[in-house]
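# this one's structure only:
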């Protein structure tokens, strides 16, 4: 189920964020979208599930134009494309199992008991079965992130969008999150679209990388090509240099 952004433009007031972004993401890829803060990485992926609408251009999912669908028509798209937000967005008044069970009850019509059984199975898939009865507030950021991923997978999506999945995580938790994302692509055939600036993640699990710069795609290629690229903007990002040509 390829994803295609075709000449996508998006502005917020006078600020032009996306200025004609075009790229294609293939089935089963672990695809990273990178760039400086504020360059429009999260803005871009939100167009796929209708959280934002383009000012111009088109967004395709498996050759279906989805960016201008009605809210009702977007419902099946959102079941096929799950999103894991940076903040995890778990309900603190519910246990981890209850959080994961929620979409099963809402979208699949499972009863409370059956939904909790399936939720515990999903938590086991991210090695969180021991925390099923814990409240999210009692967990660290890395553990909450894994619960959010388990919840995102309950409807068996074909695509999962990850918005800065390793932000605020310690190095060990970050690499465990990377391994989980890589396993989804490798073992389950899920297409992962990851917004990130974490170089360890980028070079550790990405199949391909798109770098956004000044509203467009500055680089598109493999991690090896990214590391070897002699473009000064790309080099500055890869080396983490404070001085140089990069601007949002």
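That came in fine, so what should we check first? Since this is a predicted model, take the numbers as computed values, not measurements.

# and the contacts of the strand or helix carrying residue 237?
Using DSSP states H and E, residue 237 sits within helix 232-239. Residues outside helix 232-239 that contact it (C-beta atoms under 8 Å, 6 or more residues apart in numbering): 34-36, 199, 211, 213, 218-219, 226-227, 229, 241, 244-246. For glycine as for every other residue, the C-beta is placed from the backbone atoms N, C-alpha and C.

# roughly how far does the closest residue in space to residue 205 that isn't next to it in sequence sit from residue 88?
Closest residue in space to residue 205, ignoring its immediate chain neighbours: residue 182 at 4.3 Å, by C-beta to C-beta, 6 or more residues apart in numbering. From residue 182 across to residue 88, the span is 20 Å (C-beta to C-beta, to the nearest Å).

# picking up where we left off before, does the residue nearest to residue 205 count as helix, strand or coil?
helix (DSSP: H, G, I helix; E, B strand; the rest coil).

# ok, the one 3 residues further on next?
Taking three-state DSSP as the rule, one finds residue 185 in the helix state.

# now do the contacts for the closest residue to it other than its chain neighbours.
Closest residue to residue 185 apart from its sequence neighbours, by C-beta to C-beta, 6+ apart: residue 30 at 4.6 Å. Residue 30 makes contacts with 181, 182, 185, 192, 194, 205, 206, 207, as judged by C-beta under 8 Å, 6+ apart.

# I'd like to know which elements the helix or strand harbouring the fourth one is packed against.
If I follow you right, that is residue 192. Following DSSP H and E, one finds residue 192 within strand 191-195. With contacts taken as 3 or more C-beta pairs under 8 Å, 6 or more residues apart in numbering; DSSP states H and E, strand 191-195 sits against strand 30-34, helix 41-46, strand 159-163, helix 171-188.

# who wins for proximity to residue 117 among the ones you listed?
For those, the distance to residue 117 is smallest for helix 171-188, at 20.3 Å, taking C-beta to C-beta.

# same list, the helices and strands packed on strand 191-195, but as a markdown table with mean pLDDT and distance to residue 4 please.
Below are the helices and strands packed on strand 191-195 laid out as a markdown table (pLDDT from 0 to 100; distance: least, C-beta to C-beta, whole Å):
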| stretch | mean pLDDT | distance to residue 4 |
| --- | --- | --- |
| strand 30-34 | 97 | 12 |
| helix 41-46 | 95 | 12 |
| strand 159-163 | 94 | 12 |
| helix 171-188 | 90 | 19 |
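
# adding distance to residue 120, write those out as a markdown table.
A markdown table is the format used below for the helices and strands packed on strand 191-195 (distance: least, C-beta to C-beta, whole Å):
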| stretch | distance to residue 120 |
| --- | --- |
| strand 30-34 | 27 |
| helix 41-46 | 30 |
| strand 159-163 | 20 |
| helix 171-188 | 17 |
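
# looking at these, which is nearest to residue 101?
Short answer: strand 159-163, nearest of the helices and strands packed on strand 191-195 by C-beta to C-beta, at 18.7 Å.

# I'd say residue 37 and residue 197 touch.
Yes: with contact defined as C-beta atoms under 8 Å, residue 37 counts as touching residue 197 (7.3 Å).

# now residue 100: closest residue in space that isn't a chain neighbour?
With C-beta to C-beta, 6+ apart, the residue lying closest to residue 100 is residue 119, at 3.8 Å.

# what's the offset of stretch 189-205 from the middle of its chain?
In terms of C-alpha atoms, centre = their mean, to the nearest Å, the centre of stretch 189-205 is set 9 Å apart from its chain centre.
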